[in-house]
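> After the sequence you'll find the predicted model.
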Amino acid sequence: MKKGFTIIEIVVVVGIMLILLAIAFTSVRMANDSMSAKTHEEIYTAIMSAARRARYGVNNCDWGVYFVYNPITKQASQYIIYCGENYAGRQQDEDITTNIDDSILFSNISLNNVLPYIGDGNEITFEYLTGSPHQIGSIELSTQAGISTITIDDFGFTSIDYVQ
């Protein structure tokens, strides 16, 4: 009697290993897509949070979100929810800072100031009690999972649209 494996046994074992690898690869990809969508939602939620804080009159000031953004790499390392008319004149002790996953690219930040307000193009500020925005426009976010666009209109309403 010979010792060893038959070709059928080897093919079965290799087949099972390939199936397990395919399942693992799919799971990792789905987890990455889910994390990207979660980060898009976090940014959207931060903007909504600033608008709510302004409408509710928290600390009797305007509230906004500032993106620490590099226009060359198109990456934002963090966002800061702040209290004040603009990021430059904010109350620094009220800052809420959150890091952003570096796999997210800010493909396009197109925020325009509403007169008489000013900003540096990387911030969105909402007016105390009314929630009216000092900046309007959109932010386009890209990941391997797809593209989403966050839009702020003249009334301070914010929406997010996903494109796969």
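Nice, thanks for sending it over. Numbers count the residues shown, from 1 in each chain.

> Could you list the low-pLDDT ranges of the protein?
1, 28-38, 164 (pLDDT under 70).

> centroid residue for it?
Residue closest to the average C-alpha location in the chain (CA atoms, centre = their mean): His40, at 3.3 Å.

> quick one: the strands in the chain?
For the chain, the strands defined by DSSP state E occupy 63-70, 75-83, 96-99, 105-113, 123-126, 135-143, 146-152, 158-163.

> could you dump the ones you listed to JSON lines with distance to Ile19 and mean neighbour count?
Just so you know, the C-beta spots here come from the backbone N, C-alpha and C atoms, and that holds for glycine as well. Formatted as JSON lines, the strands of the chain follow (distance: least, CB to CB, whole Å; neighbours: other CB atoms under 10 Å):
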{"stretch": "strand 63-70", "distance to Ile19": "43", "mean neighbour count": "22"}
{"stretch": "strand 75-83", "distance to Ile19": "37", "mean neighbour count": "20"}
{"stretch": "strand 96-99", "distance to Ile19": "37", "mean neighbour count": "12"}
{"stretch": "strand 105-113", "distance to Ile19": "34", "mean neighbour count": "16"}
{"stretch": "strand 123-126", "distance to Ile19": "48", "mean neighbour count": "27"}
{"stretch": "strand 135-143", "distance to Ile19": "28", "mean neighbour count": "20"}
{"stretch": "strand 146-152", "distance to Ile19": "28", "mean neighbour count": "18"}
{"stretch": "strand 158-163", "distance to Ile19": "31", "mean neighbour count": "13"}
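
> re the thing from before, ok, the residue nearest to the centre of the chain to Lys74 distance?
To Lys74, His40 is 15 Å away according to CB to CB, to the nearest Å.

> My guess is the residue nearest to the centre of the chain contacts Asp161. True?
No - in this structure, His40 is not within contact of Asp161 by CB atoms under 8 Å, at 10.4 Å.

> Find residues that contact each of these two.
The contact sets of His40 and Asp161 overlap at Ser148 (CB atoms under 8 Å, 6 or more residues apart in numbering).
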